[in-house]
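> here you go, sequence then predicted model.
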Amino acid sequence: MITKKSKPATIEEYINAAPEEVQEKLRQMHACIRAAAPGAAEGLKWSMPAYSYQRIVVTYAVFKHHIGFYPTPSAVKAFAKSLTKYKTAEGSIQFPLDRPLPLSLISKITKFRVQESLSGDAKWRT
C-alpha cells in the first residue's frame, strides 16, 4: 500500500511512506525481525523490506487490510499448526491490520529462517 509516487530506498523510508495508522505495526515488525535476525543485511527487495545473510531470510509488505509476511514455503509448512488463525499461501502469511501482530510467532519463524539461511537450505538468494 505504498504509493507509486514514493519509491522508498530504505526500510525506514518504506515505513514512513506507509499510512500513518499502520506505521507503528511496521515498526514493531521491523524491530521484531531485527531482534530475531541480528546482524542481517537490511534493504528492499521487490520494493519490500528484506533481511538476509547469505540468502534472504524474510520479507514483508503492507496492504490495505493486512501485512503480508513472506518467509518461504518451508517456514509456512513448519509453522502450519501455529498459523491456523491466519490466511496463508505457499510461502506467505497475512496478518490482519485490525489485530495485534503475533510478534512471538514472527520471531520464531524468522529464527527458523535464519537457521535455514545459514545452513544453506534457504530458498532465496540475495
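Right, received. Where do you want to start?

> could you use CA atoms for every contact and neighbour count after this?
OK.

> pLDDT value on residue 6, please?
For residue 6, the pLDDT comes out at 63.

> use 148 as the first number for this chain going forward.
Fine by me, first position is 148 from now on; the one you just mentioned is residue 153.

> chain center to the worst-scoring helix or strand of the chain on mean pLDDT, what's the gap?
Least confident helix or strand, the chain: helix 250-266 with a mean of 94, by mean pLDDT, DSSP states H and E. Offset of helix 250-266 from its chain centre (C-alpha atoms, centre = their mean, to the nearest Å): 11 Å.

> can you check stretch 175-182 too?
Mean-position distance between stretch 175-182 and its chain equals 9 Å (C-alpha atoms, centre = their mean).

> which helices and strands sit right next to the helix or strand where residue 190 lies?
Assigned by DSSP states H and E, residue 190 belongs to strand 188-192. Packing contacts for strand 188-192, counted by 3 or more C-alpha pairs under 8 Å, 6 or more residues apart in numbering; DSSP states H and E, involve helix 158-164, strand 195-199.

> now do the shortest one against strand 188-192: the angle between them, please.
Spelled out, that is strand 195-199. Interaxial angle, strand 195-199 versus strand 188-192 (axes from the mean of the first three to the mean of the last three C-alpha atoms, to 10 degrees): 140 degrees.

> just the CA atoms of strand 195-199, as PDB, please.
This file holds the C-alpha atoms of strand 195-199, laid out as PDB (Å, rounded to 0.1, in the frame of the first residue of the first chain):
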ATOM      1  CA  MET A 195       9.600  -4.800   0.200                       C
ATOM      2  CA  PRO A 196      11.600  -4.700   3.400                       C
ATOM      3  CA  ALA A 197      14.000  -7.700   3.300                       C
ATOM      4  CA  TYR A 198      16.500  -9.200   5.700                       C
ATOM      5  CA  SER A 199      19.300 -11.500   4.600                       C
END
